[in-house]
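A.B. asks: A structural model of the following input is requested.
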Amino acid sequence: MSAAALAEFLIMRPDAQQNVLHDSKFLRPPIVNANADATRALRAYNVDPRRPPEILIRVKETLTIKAADRSIKPKARENALRCIEIIELFERRENTLGMRRMALAAAPRFDAIDIEGVTVSIQPDFIVGGGRGGRVGAGLLRVAKTPDPDACKLLATKEKRGEHRREMARYLIALMQILIESQNGRLGTPDRDLFFVSDLRLGEQIGAAPDHTARVRAIRAACRQIREIWPSIQPKAALYQK
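C.D. replies: Residues are numbered from 1 along each chain as shown. The predicted structure follows:
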């Protein structure tokens, strides 16, 4: 499972949890992330202590040319426009995302880890601190649009979607701590105060929750549950119709 899918599972109702597990088991994510151009640019920008705007300007120029190129597939042009939107939204909300004052390093690609018998892929964008004997944390810049708080008119719906994203972020932070702890001190000593999720759609930086330890326990309990029911999950009929 991906970390995002597991976090979603933890905050969903039982019927929706079944959908998350089904999709994790039978629907493979696309090889190329639709937001990859934007996320690569934002990672490069944020790990550079100078935060040079030229990094983002160059990527936007390249994406603008790509979006206007009628010789490539419409989906590729749509992806280019989406990446431009993500970068421009970051530029408008950078100050509220709380990363500009932080010294960030690029996170390596981590192998998936085993949590209570479930293989989970957790991929932070950034490493915070660390080094031999030092305190270390990890961070994630979450750019995914769903659920989008700005795509609704009712304030109650907007608040509900915002809290959904915050709850996911709190579980993602707990998952990142489990990941760093699994490295056996190679990156440093994990410090929960150095873990964060900066949510682009909310324009907020979210840290570890007061009940962080309980969330770690909930993750492990959920993984034990998933391990037990995983073999019984069957593909939906719609999969056979594709």
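
A.B. asks: which residues does V59 contact?
C.D. replies: Shown in contact with V59 (C-beta atoms under 8 Å, 6 or more residues apart in numbering): D37, A38, R40, A41, C83, I87. C-beta coordinates here come from the backbone N, C-alpha and C atoms, glycine included.

A.B. asks: run the last query once more with 10 Å
C.D. replies: D37, A38, R40, A41, L42, A44, Y45, C83, I84, I87 (C-beta atoms under 10 Å, 6 or more residues apart in numbering).

A.B. asks: likewise I219?
C.D. replies: So I219 contacts 3, 6-7, 9-10, 115-116, 118, 120, 171, 174-175, 177-178 (C-beta under 10 Å, 6+ apart).

A.B. asks: picking up where we left off before, can you put the contacts of V59 in JSON lines and add neighbour count, secondary structure and pLDDT?
C.D. replies: What follows is these, written out as JSON lines (neighbours: other C-beta atoms under 10 Å; DSSP: H, G, I helix; E, B strand; the rest coil; pLDDT from 0 to 100):
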{"residue": "D37", "neighbour count": "22", "secondary structure": "helix", "pLDDT": "95"}
{"residue": "A38", "neighbour count": "28", "secondary structure": "helix", "pLDDT": "97"}
{"residue": "R40", "neighbour count": "14", "secondary structure": "helix", "pLDDT": "96"}
{"residue": "A41", "neighbour count": "22", "secondary structure": "helix", "pLDDT": "98"}
{"residue": "L42", "neighbour count": "27", "secondary structure": "helix", "pLDDT": "98"}
{"residue": "A44", "neighbour count": "14", "secondary structure": "helix", "pLDDT": "98"}
{"residue": "Y45", "neighbour count": "22", "secondary structure": "helix", "pLDDT": "98"}
{"residue": "C83", "neighbour count": "26", "secondary structure": "helix", "pLDDT": "97"}
{"residue": "I84", "neighbour count": "20", "secondary structure": "helix", "pLDDT": "97"}
{"residue": "I87", "neighbour count": "24", "secondary structure": "helix", "pLDDT": "98"}
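
A.B. asks: Just send those residues back as a markdown table, with distance to A222 too.
C.D. replies: Converted to a markdown table, those look like this (distance: C-beta to C-beta, whole Å):
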| residue | distance to A222 |
| --- | --- |
| D37 | 33 |
| A38 | 30 |
| R40 | 31 |
| A41 | 34 |
| L42 | 30 |
| A44 | 34 |
| Y45 | 34 |
| C83 | 33 |
| I84 | 37 |
| I87 | 34 |
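
A.B. asks: tell me which of those is nearest to A209?
C.D. replies: L42 (24.7 Å; C-beta to C-beta).

A.B. asks: The closest one touches R142, doesn't it?
C.D. replies: No - with contact defined as C-beta atoms under 10 Å, L42 does not count as touching R142 (11.0 Å).

A.B. asks: which of the contacts of I219 lies closest to R217?
C.D. replies: A174 (9.3 Å).
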